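K.L.:
my questions are about this predicted structure, shown below with the sequence.
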Amino acid sequence: MEKGTKSNITGNQLEVAVKTVLTGKGFQLVNYRLWEKQKEKFGEELLLENVPFTTIYGHRGNTEFLLLSKKYQLQMRIECKWQQVAGSVDEKLPYLYLNAIEAMPETSILILIDGAGWKAGALNWLKGAVSQRKYTTEKNGNKEIRVFSLVEFFTWANQTFTR
(Lines give C-alpha, C1' and ligand atoms only; values in the text may rest on other atoms or scores of the structure.)
Protein backbone atom coordinates (compact mmCIF):
# COMPACT_ATOMS: atom_id res chain seq x y z
CA MET A 1 0.00 0.00 0.00
CA GLU A 2 1.27 3.47 -0.90
CA LYS A 3 2.25 5.75 1.98
CA GLY A 4 -0.30 8.46 1.02
CA THR A 5 -3.09 5.89 0.67
CA LYS A 6 -2.37 4.53 4.14
CA SER A 7 -2.40 8.08 5.55
CA ASN A 8 -5.78 8.76 3.93
CA ILE A 9 -7.24 5.56 5.37
CA THR A 10 -6.08 6.36 8.89
CA GLY A 11 -7.16 9.99 8.48
CA ASN A 12 -10.60 8.75 7.49
CA GLN A 13 -10.66 6.60 10.61
CA LEU A 14 -10.08 9.76 12.67
CA GLU A 15 -13.09 11.33 10.95
CA VAL A 16 -15.14 8.20 11.61
CA ALA A 17 -14.24 8.51 15.29
CA VAL A 18 -15.54 12.11 15.34
CA LYS A 19 -18.77 11.06 13.59
CA THR A 20 -19.25 8.14 15.97
CA VAL A 21 -18.71 10.21 19.11
CA LEU A 22 -20.85 13.18 18.08
CA THR A 23 -23.73 11.23 16.54
CA GLY A 24 -23.67 9.17 19.73
CA LYS A 25 -24.15 12.45 21.61
CA GLY A 26 -27.28 13.20 19.55
CA PHE A 27 -25.94 15.25 16.65
CA GLN A 28 -27.40 14.57 13.20
CA LEU A 29 -24.76 14.04 10.50
CA VAL A 30 -25.57 16.00 7.33
CA ASN A 31 -23.56 16.98 4.27
CA TYR A 32 -23.03 20.75 4.35
CA ARG A 33 -24.16 21.30 0.76
CA LEU A 34 -27.42 19.45 1.33
CA TRP A 35 -28.04 21.37 4.57
CA GLU A 36 -27.23 24.69 2.91
CA LYS A 37 -29.95 24.12 0.29
CA GLN A 38 -32.63 22.93 2.72
CA LYS A 39 -31.82 24.22 6.21
CA GLU A 40 -35.47 24.08 7.24
CA LYS A 41 -35.49 20.28 6.89
CA PHE A 42 -32.95 19.77 9.63
CA GLY A 43 -32.86 20.29 13.37
CA GLU A 44 -30.62 22.45 15.50
CA GLU A 45 -28.14 19.82 16.72
CA LEU A 46 -26.05 19.10 13.65
CA LEU A 47 -22.67 17.78 12.59
CA LEU A 48 -22.16 19.09 9.08
CA GLU A 49 -19.46 17.47 6.95
CA ASN A 50 -17.35 18.77 4.06
CA VAL A 51 -17.72 22.40 5.09
CA PRO A 52 -16.29 24.95 2.64
CA PHE A 53 -14.36 28.13 3.32
CA THR A 54 -12.13 30.42 1.31
CA THR A 55 -8.48 29.80 2.23
CA ILE A 56 -5.79 32.39 2.88
CA TYR A 57 -4.71 31.82 -0.73
CA GLY A 58 -8.18 32.82 -1.92
CA HIS A 59 -9.20 29.41 -3.20
CA ARG A 60 -11.90 27.06 -2.02
CA GLY A 61 -11.01 24.78 0.87
CA ASN A 62 -12.97 22.29 2.94
CA THR A 63 -12.95 21.35 6.57
CA GLU A 64 -14.16 17.99 7.76
CA PHE A 65 -16.90 19.22 10.10
CA LEU A 66 -18.92 22.09 11.48
CA LEU A 67 -20.67 21.36 14.75
CA LEU A 68 -23.85 23.39 15.25
CA SER A 69 -25.77 23.28 18.49
CA LYS A 70 -28.46 25.56 19.80
CA LYS A 71 -28.62 23.54 23.01
CA TYR A 72 -24.90 24.00 23.77
CA GLN A 73 -24.58 27.35 21.96
CA LEU A 74 -21.85 26.02 19.69
CA GLN A 75 -20.73 26.81 16.19
CA MET A 76 -17.40 25.01 16.01
CA ARG A 77 -15.38 24.10 12.96
CA ILE A 78 -13.51 20.81 13.35
CA GLU A 79 -10.38 20.07 11.34
CA CYS A 80 -8.89 16.56 11.53
CA LYS A 81 -5.23 15.78 10.88
CA TRP A 82 -3.60 12.38 11.15
CA GLN A 83 0.09 11.56 10.65
CA GLN A 84 0.93 7.92 11.22
CA VAL A 85 4.47 7.85 9.84
CA ALA A 86 7.11 10.54 9.43
CA GLY A 87 6.56 12.68 6.36
CA SER A 88 6.11 16.22 5.22
CA VAL A 89 2.50 16.76 6.26
CA ASP A 90 3.59 18.60 9.38
CA GLU A 91 4.82 21.38 7.12
CA LYS A 92 1.13 22.14 6.53
CA LEU A 93 0.46 23.00 10.19
CA PRO A 94 1.39 26.70 9.84
CA TYR A 95 -0.95 26.88 6.81
CA LEU A 96 -3.71 25.23 8.85
CA TYR A 97 -3.15 27.61 11.76
CA LEU A 98 -3.15 30.71 9.55
CA ASN A 99 -6.34 29.52 7.86
CA ALA A 100 -7.89 29.02 11.30
CA ILE A 101 -7.12 32.57 12.43
CA GLU A 102 -7.52 34.41 9.13
CA ALA A 103 -9.85 32.49 6.81
CA MET A 104 -12.24 30.23 8.73
CA PRO A 105 -15.31 32.32 9.57
CA GLU A 106 -16.14 30.66 12.90
CA THR A 107 -14.67 31.98 16.14
CA SER A 108 -14.47 28.49 17.65
CA ILE A 109 -12.17 26.01 15.94
CA LEU A 110 -11.08 22.59 17.09
CA ILE A 111 -8.01 21.04 15.50
CA LEU A 112 -8.05 17.30 16.15
CA ILE A 113 -4.56 16.03 15.52
CA ASP A 114 -3.17 12.59 16.23
CA GLY A 115 -0.83 9.87 15.05
CA ALA A 116 2.76 9.00 15.95
CA GLY A 117 4.36 10.41 12.79
CA TRP A 118 4.33 14.10 13.65
CA LYS A 119 7.67 15.72 14.26
CA ALA A 120 7.78 16.69 17.95
CA GLY A 121 8.60 20.26 17.05
CA ALA A 122 5.60 20.50 14.73
CA LEU A 123 3.00 19.74 17.37
CA ASN A 124 4.81 21.89 19.91
CA TRP A 125 4.84 24.75 17.40
CA LEU A 126 1.10 24.42 16.73
CA LYS A 127 0.17 24.26 20.40
CA GLY A 128 2.49 27.17 21.16
CA ALA A 129 1.09 29.27 18.32
CA VAL A 130 -2.44 28.63 19.59
CA SER A 131 -1.66 29.36 23.25
CA GLN A 132 0.35 32.50 22.41
CA ARG A 133 -2.22 33.61 19.80
CA LYS A 134 0.58 34.08 17.27
CA TYR A 135 -0.17 36.21 14.23
CA THR A 136 -3.55 37.31 15.54
CA THR A 137 -4.75 40.86 15.10
CA GLU A 138 -7.52 42.96 16.58
CA LYS A 139 -9.74 41.71 13.76
CA ASN A 140 -9.21 37.97 14.36
CA GLY A 141 -7.95 37.89 17.96
CA ASN A 142 -11.31 36.67 19.28
CA LYS A 143 -10.81 33.14 17.92
CA GLU A 144 -10.92 30.26 20.36
CA ILE A 145 -8.74 27.55 18.86
CA ARG A 146 -8.29 24.23 20.60
CA VAL A 147 -5.78 21.53 19.70
CA PHE A 148 -6.82 18.06 20.84
CA SER A 149 -5.49 14.54 20.48
CA LEU A 150 -8.12 11.86 19.92
CA VAL A 151 -8.13 11.02 23.64
CA GLU A 152 -8.52 14.69 24.55
CA PHE A 153 -11.39 14.96 22.04
CA PHE A 154 -13.18 11.98 23.60
CA THR A 155 -12.74 13.51 27.06
CA TRP A 156 -13.95 16.93 25.92
CA ALA A 157 -17.01 15.46 24.19
CA ASN A 158 -17.92 13.35 27.22
CA GLN A 159 -17.56 16.33 29.57
CA THR A 160 -19.28 18.86 27.29
CA PHE A 161 -22.31 16.94 26.07
CA THR A 162 -23.74 15.66 29.32
CA ARG A 163 -27.07 17.45 29.50
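P.N.:
In hand now; what should we look at? Numbering: from 1, shown residues only.
K.L.:
can you verify my assumption that residue 31 contacts residue 47?
P.N.:
No. When contacts are counted by C-beta atoms under 8 Å, residue 31 is not listed as touching residue 47 (10.5 Å). Yep, even glycine has a C-beta here, placed from its N, CA and C like the rest.
K.L.:
more crowded one of those two?
P.N.:
Shown here are residue 31 and residue 47; by other C-beta atoms under 10 Å, residue 47 has more neighbours (22 against 12).
K.L.:
can you pull out the strands in the chain?
P.N.:
Under the criterion DSSP state E, the chain contains strands at 28-31, 45-54, 60-69, 74-82, 108-114, 144-148.
K.L.:
quick check: which of these is nearest to residue 127?
P.N.:
Nearest to residue 127, of all the strands of the chain, is strand 144-148, at 5.3 Å by C-beta to C-beta.
K.L.:
quick check: mean pLDDT of the closest one?
P.N.:
The pLDDT scores in strand 144-148 average 97.
K.L.:
re earlier: return the most buried member of the strands of the chain.
P.N.:
Ranked by average neighbour count under the criterion mean count of other C-beta atoms under 10 Å, these are headed by strand 108-114 at a mean of 22.
K.L.:
what is that one packed up against?
P.N.:
helix 3-24, strand 74-82, helix 120-132, strand 144-148, helix 150-160 (3 or more C-beta pairs under 8 Å, 6 or more residues apart in numbering; DSSP states H and E).
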